[in-house]
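Student: model this:
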Amino acid sequence: MKDCLQIYHVIEGEFHVDTGNGWERIPTGHAHILPPGHQHALRTGKTDLHLSITFHTTPDERGLIHRIITAYTQPCILPVTLPAQLHNYLQTSHLLFDELAELMLINLFDTYCLNLLSQTQQGETQIRRQKLLDYLQTHQDQSLTVKQITAHMQMSRTNLQRFCSDQFQCGVRAMHERIRMENATKLLLKSDMPISECAMACGYPDIYAFSRSFKRTKGRSPMAYRQHASESDV
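Tutor: Numbering: from 1, shown residues only. From the prediction side, this is the model:
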């Protein structure tokens, strides 16, 4: 185990890595990130081409490397954009390595590091998105308050509404209602459950509140929706 973060970016061909859970393939255009304190085994062919980068854990002036090490605490494989100029630079033999070339190379590696951070930010967004969906779907038989959802998501009301609007183009309560209505639709179409029982199963206090919400979402009352679907199947 080394006190550094290592990156193996596959430029051509395929690599395989084993961090203790069996061999995994690293496809072209993907990077295997090995944080400090972890070890792995690599397997590759003679003609495969990869870029290897090692970041030491000593603090850097701008904090860029520290941000990467903080963001990646577990080994992972993910797609990372390799700047085209960096790819071309690596393919070219440089007889003279002057100050200008050095500055260019530093700038290209900075761009690659920013791409790494962008990927982890996207990953965090996907995790948060799935966490919200899982919570709303798990509680599709209940009427949740925004306060309950914010407590689960550990977000402020404003940030939660903004996040939901960005991800689903609606507010969090509207998203929860949409999920409950999809559940109601399945119950109406795939069972003979009375409307009143469908209302209870979807967490509505009475059939009237359920019918209003269903009609607002689907354009028909629950009874009319069921009848229309039944007639369409004939």
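Student: Let's verify D166: helix, strand, or coil?
Tutor: Following DSSP: H, G, I helix; E, B strand; the rest coil, D166 is assigned to helix.
Student: Look up how far N159 lies from it.
Tutor: 10 Å (Cβ to Cβ, to the nearest Å). C-beta here means a position set from N, CA and C on the backbone, and glycine is covered the same way.
Student: Looking at strand pairing, list the partners for the closest residue in space to A41 that isn't next to it in sequence.
Tutor: Nearest residue to A41 in three dimensions, chain neighbours excluded: D18, at 4.6 Å (Cβ to Cβ, 6 or more residues apart in numbering). D18 has the following beta-bridge partners by DSSP bridges: W23, A41.
Student: Would you confirm that D18 contacts Q39?
Tutor: No. Here D18 does not reach Q39: they are 9.8 Å apart, not a contact under Cβ atoms under 8 Å.
Student: Can you give me the distance of the residue nearest to A41 to R216?
Tutor: According to Cβ to Cβ, D18 stands 54 Å off from R216.
Student: So which residue is smack in the middle of this protein?
Tutor: Q126 (2.2 Å; Cα atoms, centre = their mean).
Student: Now do the helix or strand where it lies, average pLDDT.
Tutor: Element membership for Q126, per DSSP states H and E: helix 99-138. Helix 99-138 carries an average pLDDT of 79.
Student: Just name whatever secondary elements that helix is in contact with.
Tutor: Identification of packing neighbours for helix 99-138 by 3 or more Cβ pairs under 8 Å, 6 or more residues apart in numbering; DSSP states H and E yields helix 64-71, strand 76-79, helix 84-91, helix 146-153, helix 157-168, helix 172-190.
Student: quick one: the longest one to helix 157-168, angle?
Tutor: For the pair helix 172-190 and helix 157-168, the angle between their directions (axes from the mean of the first three to the mean of the last three Cα atoms, to 10 degrees) equals 50 degrees.
Student: Contacts for the helix or strand that helix 172-190 is followed by, please.
Tutor: Note on helix 172-190: by DSSP H and E, the next helix or strand toward the C-terminus is helix 195-201. Defining contact as Cβ atoms under 8 Å, 6 or more residues apart in numbering, one finds that helix 195-201 is touched by 141, 183-184, 187-188, 193, 206-207, 209-211, 222-223.
Student: In TSV, list the residues you listed along with neighbour count, distance to I149 and pLDDT.
Tutor: Below are the contacts of helix 195-201 laid out as TSV (neighbours: other Cβ atoms under 10 Å; distance: Cβ to Cβ, whole Å; pLDDT from 0 to 100):
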residue	neighbour count	distance to I149	pLDDT
D141	12	15	90
N183	17	17	91
A184	27	20	92
L187	19	23	92
L188	21	26	92
M193	14	27	91
D206	10	23	90
I207	18	25	92
A209	13	19	93
F210	24	21	94
S211	18	24	94
P222	23	25	93
M223	13	31	92
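Student: returning to that earlier point: for the helices and strands packed on helix 99-138, give me JSON lines that also has distance to P35.
Tutor: Listed next are those as JSON lines, based on distance: least, Cβ to Cβ, whole Å:
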{"stretch": "helix 64-71", "distance to P35": "7"}
{"stretch": "strand 76-79", "distance to P35": "9"}
{"stretch": "helix 84-91", "distance to P35": "23"}
{"stretch": "helix 146-153", "distance to P35": "27"}
{"stretch": "helix 157-168", "distance to P35": "27"}
{"stretch": "helix 172-190", "distance to P35": "34"}
